[in-house]
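Peer 1: Predicted model and sequence follow; I will ask about them next.
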Amino acid sequence: MKRTIQDLIEKIKGVTRRLQFRPRALPTLPNEVFLGVIIILVAFGSFGFGRLSRIEGARAPIRIENAPKVTAETFTQKAIVVDAGGSVPFVEKSSSQLVGSKNGKKYYYVWCSGVSRIAEGNRIYFATKEDAEARGYTPSSTCKGL
């Protein structure tokens, strides 16, 4: 049994009539007009997506030109030791990465939360871990990475 396109169209129309697919308020369009409208909509949609993809591909990537230069030496460089005239030398705050308390025996990185509990007057700055350990300080367990 051969089926033609016309037979299939009639079969589909019969199914839609039984299901009342189209609301009664919308007028029915002839098949040729409906097919033409669909082709035009697909053409415009394809053209629009093509233009959109071309615009997305033509955007220049974002570049950061003035990025700070951070290297391994930034965090491991030796601090300048300054003698304050007393028996205990201290290190300038600006070049130090480690902090301890005069009253305690733990040392921290300057960004650890434990440093906020040490009064500014009681802080001792160390250039390296070896300096802190040589003076009897031990790493804090609350400061990760020590």
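Peer 2: Arrived safely, thanks for sending. Numbers count the residues shown, from 1 in each chain.
Peer 1: Please save the CA atoms from the stretch of helix or strand Ile12 belongs to in PDB.
Peer 2: Following DSSP states H and E, one finds Ile12 within helix 5-19. Extracted C-alpha coordinates of helix 5-19, given in PDB (Å, rounded to 0.1, in the frame of the first residue of the first chain):
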ATOM      1  CA  ILE A   5       2.300  13.000   1.000                       C
ATOM      2  CA  GLN A   6      -1.300  14.000   0.300                       C
ATOM      3  CA  ASP A   7      -2.600  10.900   2.200                       C
ATOM      4  CA  LEU A   8      -0.400  11.700   5.200                       C
ATOM      5  CA  ILE A   9      -1.600  15.400   5.200                       C
ATOM      6  CA  GLU A  10      -5.200  14.200   5.300                       C
ATOM      7  CA  LYS A  11      -4.400  11.700   8.000                       C
ATOM      8  CA  ILE A  12      -2.800  14.400  10.100                       C
ATOM      9  CA  LYS A  13      -5.700  16.800   9.500                       C
ATOM     10  CA  GLY A  14      -8.100  14.100  10.700                       C
ATOM     11  CA  VAL A  15      -6.100  13.500  13.900                       C
ATOM     12  CA  THR A  16      -6.000  17.300  14.700                       C
ATOM     13  CA  ARG A  17      -9.700  17.600  14.000                       C
ATOM     14  CA  ARG A  18     -10.500  14.800  16.400                       C
ATOM     15  CA  LEU A  19      -8.200  16.300  19.100                       C
END
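Peer 1: any idea which helix or strand comes after it?
Peer 2: As assigned by DSSP H and E, the chain's next helix or strand after helix 5-19 is helix 31-58.
Peer 1: what angle do that following helix and helix 5-19 make?
Peer 2: 90 degrees (axes from the mean of the first three to the mean of the last three CA atoms, to 10 degrees).
Peer 1: Show me the protein divided up by domain.
Peer 2: The chain breaks down by automatic domain parsing into domains covering 5-58, 72-139.
Peer 1: State the mean pLDDT of the shortest one.
Peer 2: pLDDT averaged over domain 5-58 equals 78, rounded to a whole number.
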